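Engineer: Have a look at this prediction, sequence included:
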Amino acid sequence: MNTTIPNSMMRGLAMNIVKPESIAVFCLTPGGVRLARRLQTHLPLTCFTSEKLLEPGFLPFNGSFGDTLREAFKQYSALVVVGAIGLTVRVIAPLVNDKMSDPAVVVIDERGQHVISLLSGHVGGGNTLTRYLAGILGADPVITTATDVNQMAALDTLATQLDGEMQDFRHAVKVVNQMLVSEQKVGLWWDTPLLAERERCDTRGFVPVDSLDQLPKLDAIVCVTLRDSLPPLPLPVYKLVPRRVVAGIGCRRATSLQTLVELLQQQMAENHFDVMALRAIGSVTIKKDEPALHQLAQCWRVPFELFSVGELSRHEQRFPASDFVRQTVGVGSVSQPVAWLMSDGKLVGNTLRQQGVTITLGVSH
């Protein structure tokens, strides 16, 4: 049986920022410890158990099992309990808040016969983790979400696989998933630049749509696109926007946040990108303490990536250079080589140059 960590698992855990090394396992019995040992040979896990069962490679409970599990609920992206499902439910019940942010919780009986997806099956990656652990153990995966039971994809799973955003995501997921399991026809259309990503996604249950000009009979449609607008369509449209756009930014010191926000919005609009498509912003390391750039990343909820002068110098010959920028920063251009590095050379549109700010966009896949 193949137990290599699959790309599908990584995608399934991505939206809730779950990483394999961010999985905590809780063992209450000697059988649970033995089972956790088996899992450790396939995944980097943090394993907890009681003092009397402690072995090398395990950490002791910080107080009681319940105390440790409640603490881990806030710190880890996925929790695996080898024990009773009732006990697990009673411990985590006061902490359960939102399926969009709660960690995945999986329960395994100590004999390794059943692996049960208990919490955050889709967005948190619990269902994917359940199937993977069941494959390792030769156990039965127990998954009760309606789309999975009916062997269909789910909109929140698709969004996770694409690292995508939607307006009113919670409502869209509820409506579309209910339509899928109710045997209504939900179309799925991919914009041309994103077609190559279709093959790696679970699209079971959706009706493939090749052209928005010739729609089959549908009850609704999901459109996977980076565009800021779509042509009017005679049915409910749910736009799923993968985060693929990166922005290299250069700016004078003490540039205001308002200026950066307005100019970035302007640059996104001029290139017809939905603002939800932004994946990251970047600049040169000398800007690591520039307040407005950090605030801009926080406003957009994206990473702020920094590149050294040496990294940018290797690509500056591709772009027009400024003597003023070279004297100030140490390299003749900032936004263009930054965007080049962030997008693997896939730049889009023209560089914006206004109010002492330069912004270059790229698209990464």
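Structural biologist: Ah, there it is. Numbers count the residues shown, from 1 in each chain.
Engineer: what about stretch 233-250, average pLDDT?
Structural biologist: For stretch 233-250, mean pLDDT rounds to 96.
Engineer: Stretch 183-194 too?
Structural biologist: 94.
Engineer: how long is that stretch from one end to the other?
Structural biologist: 27 Å (C-alpha to C-alpha, to the nearest Å).
Engineer: and if you look at stretch 285-299?
Structural biologist: Using C-alpha to C-alpha, the two ends of stretch 285-299 sit 20 Å apart.
Engineer: Just the buried residues of it, please?
Structural biologist: Buried residues in stretch 285-299, counted by 16 or more other C-beta atoms under 10 Å: I286, K287, E290, A292, L293, Q295, L296, A297. All C-beta atoms are positioned from the backbone trio N, CA, C, and that covers glycine.
Engineer: For those residues, please prepare JSON lines with the additional fields distance to N350.
Structural biologist: As requested, the buried residues of stretch 285-299 are exported to JSON lines (distance: C-beta to C-beta, whole Å):
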{"residue": "I286", "distance to N350": "25"}
{"residue": "K287", "distance to N350": "22"}
{"residue": "E290", "distance to N350": "23"}
{"residue": "A292", "distance to N350": "23"}
{"residue": "L293", "distance to N350": "21"}
{"residue": "Q295", "distance to N350": "26"}
{"residue": "L296", "distance to N350": "20"}
{"residue": "A297", "distance to N350": "23"}
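Engineer: Taking these together, which two end up most distant?
Structural biologist: I286 and Q295 (17.5 Å; C-beta to C-beta).
Engineer: So which of the buried residues of stretch 285-299 is the closest to R204?
Structural biologist: Distances from R204 to the buried residues of stretch 285-299, taken by C-beta to C-beta, are shortest for A297, at 35.9 Å.
Engineer: Relative to R37, how far out is the closest one?
Structural biologist: From A297 across to R37, the span is 41 Å (C-beta to C-beta, to the nearest Å).
Engineer: same thing with T259?
Structural biologist: 56 Å.
Engineer: And L233, by the same measure?
Structural biologist: Counting by C-beta to C-beta - L233 and R37 are separated by 54 Å.
Engineer: what's the answer for L133, then?
Structural biologist: Distance from L133 to R37, by C-beta to C-beta: 14 Å.
Engineer: quick one, helices of this protein?
Structural biologist: 7-14, 30-40, 65-75, 85-92, 126-137, 146-149, 155-162, 169-181, 257-270, 291-300, 309-313, 323-329, 335-342 (DSSP state H).
Engineer: Need those helices in TSV (columns: distance to V115).
Structural biologist: Listed next are these as TSV, based on distance: least, C-beta to C-beta, whole Å:
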stretch	distance to V115
helix 7-14	13
helix 30-40	10
helix 65-75	18
helix 85-92	11
helix 126-137	4
helix 146-149	13
helix 155-162	18
helix 169-181	23
helix 257-270	43
helix 291-300	37
helix 309-313	44
helix 323-329	53
helix 335-342	38
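Engineer: between these, which gets nearest to D210?
Structural biologist: helix 155-162 (17.9 Å).
Engineer: Show the average pLDDT along the closest one.
Structural biologist: Mean predicted lDDT for helix 155-162 stands at 89.
Engineer: L233: how many residues sit nearby?
Structural biologist: 15 (other C-beta atoms under 10 Å).
Engineer: Kindly state the beta-bridge partners for V81.
Structural biologist: For V81, the beta-bridge partners under DSSP bridges are F26, V107.
Engineer: pretty sure it contacts F26?
Structural biologist: Yes. Counting by C-beta atoms under 8 Å, V81 touches F26, with 4.8 Å between them.
Engineer: Find residues that contact each of the two.
Structural biologist: Residues touching both V81 and F26 (C-beta atoms under 8 Å, 6 or more residues apart in numbering) are L69.
Engineer: Roughly how far does the closest residue to N127 other than its chain neighbours sit from N177?
Structural biologist: Nearest non-adjacent residue to N127, counting by C-beta to C-beta, 6 or more residues apart in numbering: G121, 4.1 Å away. G121 sits 12 Å away from N177 when distances are taken as C-beta to C-beta.
Engineer: And these two? Which one has more around it.
Structural biologist: Taking other C-beta under 10 Å, G121 and N177 do not tie; G121 has more neighbours (26 against 22).
Engineer: Ramachandran angles for that one?
Structural biologist: phi -70, psi -40 (degrees, to the nearest 10).
Engineer: Assess the claim that it and V105 are in contact.
Structural biologist: No. Counting by C-beta under 8 Å, G121 sits too far from V105 to count as a contact (9.5 Å).
Engineer: For stretch 200-213, C-alpha coordinates in PDB please.
Structural biologist: Only the C-alpha atoms of stretch 200-213 are listed here, as PDB (Å, rounded to 0.1, in the frame of the first residue of the first chain):
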ATOM      1  CA  ARG A 200      -5.700  18.000 -10.100                       C
ATOM      2  CA  CYS A 201      -9.000  18.900  -8.600                       C
ATOM      3  CA  ASP A 202     -12.000  16.800  -7.400                       C
ATOM      4  CA  THR A 203     -14.900  17.800  -9.600                       C
ATOM      5  CA  ARG A 204     -17.200  14.800  -9.200                       C
ATOM      6  CA  GLY A 205     -20.900  15.800  -9.400                       C
ATOM      7  CA  PHE A 206     -20.300  19.100 -11.200                       C
ATOM      8  CA  VAL A 207     -21.500  19.400 -14.800                       C
ATOM      9  CA  PRO A 208     -18.500  20.500 -17.000                       C
ATOM     10  CA  VAL A 209     -19.000  23.700 -18.900                       C
ATOM     11  CA  ASP A 210     -16.700  24.600 -21.800                       C
ATOM     12  CA  SER A 211     -18.200  27.900 -22.800                       C
ATOM     13  CA  LEU A 212     -20.300  30.600 -21.000                       C
ATOM     14  CA  ASP A 213     -21.900  31.400 -24.400                       C
END
